[in-house]
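S.K.: when you get a sec, could you give me coordinates for this:
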Amino acid sequence: MEKVDKSAMCSAASSVLGVFCKAPLAGQVKTRLCPPLQPEQAAALYRVALDETIRRFSEQCFDLVIFYAGAEDYFAREYPDFKRQAQTGADLGARMASALEGLLATGYRQAVLIGSDSPDLPLSHLESAFSALQQHAVVIAPADDGGYVLIGESCHQPHLFTQMPWSQPQLMEESRALLSRLQIDWQQLPVWEDVDDLAAMSRLLARSPHSRTARHIRQNHPFVEAAQP
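M.R.: Numbers count the residues shown, from 1 in each chain. All right, here's what the predicted structure looks like:
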């Protein structure tokens, strides 16, 4: 089992993790996996990855808030004891900006956002993020597809979320250029990977074979493991 220095994480007072997610409805989540998956299968995979993400990080030395899109019913039923907040904003950038700004405004000193696409994101990434935010205004963990899997702030930077190429491979490059241009103090974490396509599913099996999401893939989609080199 992965070991993390919890004492270092706990010493970062008033830290919060926001998990951005949607209800796992067929045809509305993990659409890039269809095909080879059917929409219902993709939704089931999303549900497992989301639950693994929330459960893994729910007992750490920071608060956790579920930022959901759409109706709250699913999250109220599955996570009745968790803090929940609806996403607000016209696009992804506006919703992320609203979440981070709101968390910092309520008194948290370090606020970090992740999605549910990286169910095996190491706990050490979060430890490093909260640690970095004690000294830096922004922290980002890039994704290998050109986006990022984690972003955090200790001081809100609205320009980072305005007119950016969301869900495009140049997002991290443009974010890095903007941070440099505005002379924002930030730190980059190691690259990680979203599970967005068949190849990424295969790499998850190789990288984290004992994760709940990997077990779900092996049990329900054995062709993924068969395709591994």
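
S.K.: where does pLDDT dip in the chain?
M.R.: Across the chain, the ranges flagged by pLDDT under 70 are 1-13, 226-229.

S.K.: how about the strands in it?
M.R.: 15-22, 63-69, 83-86, 110-114, 138-142, 148-153, 186-188 (DSSP state E).

S.K.: nearest to His216, of these?
M.R.: Among the strands of the chain, strand 15-22 comes nearest to His216, with 16.7 Å by CB to CB. The way it works is simple: take the backbone N, C-alpha and C, and place the C-beta from them, glycine included.

S.K.: put together CSV for the strands of the chain, with distance to Met164 on each row.
M.R.: CSV is the format used below for the strands of the chain (distance: least, CB to CB, whole Å):
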stretch, distance to Met164
strand 15-22, 15
strand 63-69, 18
strand 83-86, 22
strand 110-114, 14
strand 138-142, 12
strand 148-153, 11
strand 186-188, 15
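
S.K.: adding mean neighbour count and distance to Ser128 as columns, could you present the ones you listed in a markdown table?
M.R.: Output for these, formatted as a markdown table (neighbours: other CB atoms under 10 Å; distance: least, CB to CB, whole Å):
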| stretch | mean neighbour count | distance to Ser128 |
| --- | --- | --- |
| strand 15-22 | 23 | 12 |
| strand 63-69 | 20 | 17 |
| strand 83-86 | 14 | 23 |
| strand 110-114 | 25 | 10 |
| strand 138-142 | 23 | 8 |
| strand 148-153 | 24 | 10 |
| strand 186-188 | 19 | 8 |
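
S.K.: would you mind telling me which of these is nearest Ala200?
M.R.: Closest among those, using CB to CB: strand 148-153, at 11.7 Å.

S.K.: for that closest one, packing partners?
M.R.: In terms of contacts (3 or more CB pairs under 8 Å, 6 or more residues apart in numbering; DSSP states H and E), strand 148-153 is packed against helix 92-105, strand 110-114, helix 123-132, strand 138-142, helix 171-181.

S.K.: tell me which of these lies nearest to Arg212.
M.R.: Among the helices and strands packed on strand 148-153, helix 123-132 sits nearest to Arg212 (CB to CB), with 14.9 Å.

S.K.: now the closest one: buried residues?
M.R.: By 16 or more other CB atoms under 10 Å, the buried positions in helix 123-132 come out as 123, 125-132.

S.K.: sorry, back to before: for the helices and strands packed on strand 148-153, give me a markdown table that also has distance to Leu205.
M.R.: Formatted as a markdown table, the helices and strands packed on strand 148-153 follow (distance: least, CB to CB, whole Å):
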| stretch | distance to Leu205 |
| --- | --- |
| helix 92-105 | 28 |
| strand 110-114 | 21 |
| helix 123-132 | 20 |
| strand 138-142 | 21 |
| helix 171-181 | 25 |
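
S.K.: out of those, which gets nearest to Thr213?
M.R.: Of all the helices and strands packed on strand 148-153, it is strand 110-114 that lies closest to Thr213, at 14.4 Å by CB to CB.

S.K.: okay, the angle between the closest one and strand 63-69?
M.R.: Relative orientation of strand 110-114 versus strand 63-69 (axes from the mean of the first three to the mean of the last three CA atoms, to 10 degrees): 40 degrees.
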